[in-house]
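> sequence first, then the predicted structure, then my questions.
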Amino acid sequence: MRTLDSSLNAPTVDSGEPVILDIGCGRKKQPGAIGLDRVDLPEVDIVHDLNQFPYPFEDNSFDYVYATHVIEHMDSILEVMEEIYRISKPGAKLRLITPHYSDAISWQDPTHKWHLNSYSFRYFDAEYESSYYTHARFRLLYRRLEMAPLWRLLGIQFLINLDNRFPGFRFMRRFWEQYLCFLLRAKEMDFVFEVLKP
């Protein structure tokens, strides 16, 4: 049974199961997760403005963090990623899903503040040239681009995502991202990161 210890504002788990946080869960919370959102809905366990920091959790609280179609709504991606870093345990996994900037949904929703591509989160890699502006470090484990059915059928989506298995095919993603993405449009991006802490 998962409970929230109000004295520490930290999640506790009686069964030894992984502790999961679903940020901006809305009505579709991940099974077994603690739901955090700014709107008081039936699936939401903790109501909190996601643009207000810190979130009501102790450092190193979570094994898994989900943020599905939420990062593009935030005032500052940098601050949200740093807060996720703070509340995640070393080695925790972060799954982040967001629209690709070539998809119409990225632009038609008036609450979207950011329009991202499949390289936007390289900023949090220690190897990135200006990563010194943040202490939050994430290792990209997986990055999948979802495309319209026609492009899936023609194998375009397969070719772009081939770099997950064969890094040497990274040029396919770069070529598509730089020259073709507004012709062969994407829909959403699915990232999985590992939290890197000492």
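Thanks, I have the structure now. Numbers count the residues shown, from 1 in each chain.
> how distant is the one helix or strand residue 98 maps to from the center of its chain?
Secondary structure assignment for residue 98, by DSSP states H and E: strand 88-99. Offset of strand 88-99 from its chain centre (Cα atoms, centre = their mean, to the nearest Å): 6 Å.
> in the chain, where is pLDDT below threshold?
1-15 (pLDDT under 70).
> mind listing the helices for it?
77-87, 104-108, 149-153, 156-160, 170-175 (DSSP state H).
> give me the most central residue, the protein.
With distances taken as Cα atoms, centre = their mean, the residue of the chain nearest its centroid is residue 96 (1.9 Å).
> re the thing from before, nearest to residue 45 among the helices of the chain would be which one?
helix 77-87 (14.6 Å; Cβ to Cβ). For the C-beta atoms, the positions are set from N, CA and C on the backbone; glycine is no exception.
> report the angle between that closest one and strand 88-99.
Here helix 77-87 runs at an angle of 150 degrees relative to strand 88-99 (axes from the mean of the first three to the mean of the last three Cα atoms, to 10 degrees).
> if we can go back for a sec, and the residue nearest to the centre of the chain, what are its bridge partners?
residue 67, residue 191 (DSSP bridges).
> from memory it sits against residue 121, does it?
Yes. With contacts counted by Cβ atoms under 8 Å, residue 96 reaches residue 121, the gap being 7.4 Å.
> find residues that contact each of the two.
191, 193 (Cβ atoms under 8 Å, 6 or more residues apart in numbering).
> re earlier: on contacts alone, who are the packing partners of the strand holding residue 98?
strand 62-68, strand 186-195 (3 or more Cβ pairs under 8 Å, 6 or more residues apart in numbering; DSSP states H and E).
> could those strands be laid out in JSON lines, adding distance to residue 117 and mean neighbour count?
Formatted as JSON lines, the helices and strands packed on strand 88-99 follow (distance: least, Cβ to Cβ, whole Å; neighbours: other Cβ atoms under 10 Å):
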{"stretch": "strand 62-68", "distance to residue 117": "17", "mean neighbour count": "22"}
{"stretch": "strand 186-195", "distance to residue 117": "8", "mean neighbour count": "20"}
